[in-house]
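>>> Model the following, please.
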Amino acid sequence: MERHSRWFLLFVILSLLSIFFFPATSYAGQSWMKYFRKDTLLNTYMRAYAVSGEKLYVGTYGDGMVIYTGDQTRNVNSKTSGSSPGANDGLISDNITTMCLDERNQRLWIGTIEGLCSCSLDATDWKRFTAKDGLANDVIRDIAIDASGLVWVGTPSGVSVYDGSGWTTYDTQSGLNENSVHSITVQGDAVWVASVGGSVSRFKDGAWKLFMRY
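Numbers count the residues shown, from 1 in each chain. The predicted model follows:
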């Protein structure tokens, strides 16, 4: 028993040392690169990412977004992304929860714990959306874009859909099985929504259908 305890203690010590001396590693091109907090990654607690060609967008929980182009890195946060000091634009929160690339309109959608925002692929031309604008909830859990270009946003209070000019929300009163949405997937002309409670619903041809419920 004492021998097993010594081995367990050694395992814990080696694990802690590996965290400090062997940082997260990513692959780019033909070589591996390691990033420390001091080397622009900012926060190893990565919550989301999106890819556009050779450009990688990484969202962290607490330090905003990092844009990596292969030869340079740019940090974007709520303090540096606004167009002017008094403007109500830029990244709405540094606590990013999800990202989605809109290839048709060349925009990046970013969900946070304080609302939703979108920007051009060079991280300019920002737009912000919150519950005051029509979102079901300011906490954003997932984002998806369907074949017609509609932006579907999952929240703890249902699904909000943006058509470019306004929002429509679906919840239990309008056919969704459960309001607390976990994730959204688009397949063809159907949108699939999974809930925190374990249900999976499909929206197709203007109507909701429950497919699974635990």
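>>> Only alpha carbons, please: show stretch 180-190 as CSV.
What follows is the C-alpha trace of stretch 180-190 in CSV, where atoms were taken according to Å, rounded to 0.1, in the frame of the first residue of the first chain:
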residue,chain,number,x,y,z
SER,A,180,-32.2,25.7,-22.4
VAL,A,181,-30.3,25.1,-25.7
HIS,A,182,-26.9,23.5,-25.7
SER,A,183,-25.9,23.2,-29.4
ILE,A,184,-27.2,23.8,-32.9
THR,A,185,-26.4,21.9,-36.1
VAL,A,186,-27.5,22.7,-39.7
GLN,A,187,-27.9,19.9,-42.2
GLY,A,188,-29.4,20.8,-45.6
ASP,A,189,-32.6,22.7,-45.0
ALA,A,190,-33.0,21.4,-41.5
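>>> Please tell me how far residue 95 sits from residue 178.
According to Cβ to Cβ, to the nearest Å, residue 95 stands 24 Å off from residue 178. Where you see a C-beta, it was placed from the backbone N, CA and C, and this is true even at glycine.
>>> and what of residue 59?
Per Cβ to Cβ, residue 59 is found 26 Å from residue 178.
>>> swap in residue 81?
Distance of residue 81 to residue 178, computed by Cβ to Cβ: 34 Å.
>>> ditto for residue 156
Distance from residue 156 to residue 178, by Cβ to Cβ: 10 Å.
>>> Of those two, which one has the most company?
When neighbours are counted by other Cβ atoms under 10 Å, residue 178 comes out ahead of the other of residue 156 and residue 178, with 20 against 15.
>>> show me the residues around the more buried one that make contact.
Contacts of residue 178 were listed using Cβ atoms under 8 Å, 6 or more residues apart in numbering, and they are 172, 195-197, 199, 201.
>>> Nearest to residue 182 among those residues?
residue 196 (5.0 Å; Cβ to Cβ).
>>> Looks like that closest one contacts residue 179 (just checking).
No: here residue 196 lies out of contact with residue 179, judged by Cβ atoms under 8 Å, at a distance of 9.2 Å.
>>> Now for these two: what residues contact both?
Taking Cβ under 8 Å, 6+ apart as the contact rule, the neighbours common to residue 196 and residue 179 are residue 156.
>>> Between the two ends of stretch 112-128, what distance do you get?
One end of stretch 112-128 to the other measures 11 Å (Cα to Cα, to the nearest Å).
>>> Now do it: everything it contacts.
Outside stretch 112-128, the residues touching it (Cβ under 8 Å, 6+ apart) are 52, 55, 65, 67, 74, 76, 81-83, 88-97, 102, 106-110, 129-131, 135, 138-140, 143, 153.
>>> can you give me the helices in this structure?
For the chain, helices defined by DSSP state H occupy the ranges 2-21.
>>> And the pLDDT for the residue nearest the centre of it?
For the chain, the residue sitting closest to the mean C-alpha position, by Cα atoms, centre = their mean, is residue 98 at 0.8 Å. Predicted confidence (pLDDT) for residue 98: 95.
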